[in-house]
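Chemist: Only the shape, not the letters, is given here:
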DNA sequence: TATTGTTATACTCTATAACTATA
DNA sequence: TATAGTTATAGAGTATAACAATA
């Protein structure tokens, strides 16, 4: 009976090694990525915004929010700080005056073109510790897991 | 030449689907877990501390920091707020007066015993969308990935 | 009326470093 | 001198909700 209870509890918590591994992998990744972005003077949310704006003509707050999962109130502050660094600008949409397009400035565009490829190489070093097959399998399983939390 | 550059760039960014999947899975998990903890009035870092203290006689700040990766300055504030809610207490170590043991209070112990099993079941629902085999494989790959970021 | 973005409020966490008290 | 924890500082992000301008 003690044994049965123990084995039932073990089964109940069967997912915990995966949960712990997910947290460890993400925290390691996030800290490493943040170190890379710090060189460019960006926080992670700021880098996310610059990243989604790259190679676009600009996006509204609503669109940026959809891509980054950052809420509109928070986004106002992040864009304020990016605008303070002259990396983006706000442009009111001519067709709908309620909408504000956020666009990369010239220096924001240069940052995107120079910093992000370096960041990609920097990240690649670590992700490449997994083989191509392992990366594909991990991506597939994580997509399935992500879908479970929708 | 265009094609070669393209394929080289494609290979250079080969890890990005995995990176995106990692971020999506973690963010989904973190938001879902935070919703569960909110019912108990806990933030994620606060829940982490309660969790590591559970089933122990207490831990010093240093030990808690090692288990949670929270720095000592930050931990002071988190423990302050948990103490304000009467979930933990500080006890100076009798053998080394520099050290403070953080212990679950009675109500902290009850919260640990009542909330955490519920949280485990609540999380399990989602993680169980992956089969046992998939969970094991995902955990293995994520551990390997986590090790790459050490 | 509904939508877009801003503002206000209040809090939590973070990093960094100086500080204290003990050892 | 080294260690444990606190305090100070300054910022950044979060949630929530009320708000103004526009559609």
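Modeler: The structure has been received and is ready for your questions. What you are looking at is a predicted structure, and each value in this text was computed from that prediction instead of being measured.

Chemist: From residue B:129, how far off is residue A:145?
Modeler: Distance, residue A:145 to residue B:129, by CB to CB, to the nearest Å: 7 Å. C-beta coordinates here come from the backbone N, C-alpha and C atoms, glycine included.

Chemist: out of those two, which sits in the busier spot?
Modeler: Neighbour tally, residue A:145 and residue B:129, criterion other CB atoms under 10 Å in any protein chain shown: the higher count belongs to residue A:145, 28 against 13.

Chemist: Surely the more buried one touches residue B:131?
Modeler: No - here residue A:145 does not reach residue B:131: they are 11.7 Å apart, not a contact under CB atoms under 8 Å.

Chemist: shared neighbours of those two, which are they?
Modeler: Taking CB atoms under 8 Å, 6 or more residues apart in numbering or on different chains as the contact rule, residue A:145 and residue B:131 have no neighbour in common.

Chemist: which ones are touching the residue nearest the centre of chain A?
Modeler: To find the centre residue of chain A, average its C-alpha atoms and take the closest one (CA atoms, centre = their mean): that gives residue A:48, at 5.5 Å. By CB under 8 Å, 6+ apart, the contact list for residue A:48 reads A:68, A:70.

Chemist: That one belongs to a helix, doesn't it?
Modeler: Yes - Residue A:48 sits within a helix when classified using DSSP: H, G, I helix; E, B strand; the rest coil.

Chemist: right, and the helix or strand after the helix-or-strand element of chain A with minimal mean pLDDT?
Modeler: Between all helices and strands in chain A, the lowest mean by mean pLDDT, DSSP states H and E belongs to helix A:2-12, at a mean of 56. Toward the C-terminal end, the helix or strand that comes next after helix A:2-12 (DSSP states H and E) is helix A:16-39.

Chemist: in chain A, which spans are strands?
Modeler: Under the criterion DSSP state E, strands of chain A are mapped to A:59-60, A:88-92, A:100-104.

Chemist: As CSV, the ones you listed with mean pLDDT, mean neighbour count and distance to DNA strand D would be great.
Modeler: Putting those into CSV (pLDDT from 0 to 100; neighbours: other CB atoms under 10 Å in any protein chain shown; distance: least, CB to the nearest atom of the strand, whole Å) gives the following:
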stretch, mean pLDDT, mean neighbour count, distance to DNA strand D
strand A:59-60, 97, 16, 13
strand A:88-92, 97, 16, 8
strand A:100-104, 98, 20, 11
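
Chemist: Of all the ones you listed, which one is nearest chain B?
Modeler: strand A:59-60 (18.1 Å; CB to the nearest CB).

Chemist: Just give the closest residue to residue A:70, not the sequence neighbours.
Modeler: For residue A:70, ignoring the flanking residues on the chain, the nearest one in space by CB to CB, 6 or more residues apart in numbering or on different chains is residue A:45 at 6.2 Å.

Chemist: oh sorry, the question was meant for residue A:21
Modeler: Counting by CB to CB, 6+ apart, the nearest residue to residue A:21 once its immediate chain neighbours are dropped is residue B:142, at 3.6 Å.

Chemist: Quick check: the gap between that neighbour and residue B:63.
Modeler: Relative to residue B:63, and taking CB to CB, residue B:142 is found at 25 Å.

Chemist: If residue A:88 is in a bridge, with which residues?
Modeler: According to DSSP bridges, the residues that bridge with residue A:88 are residue A:104.
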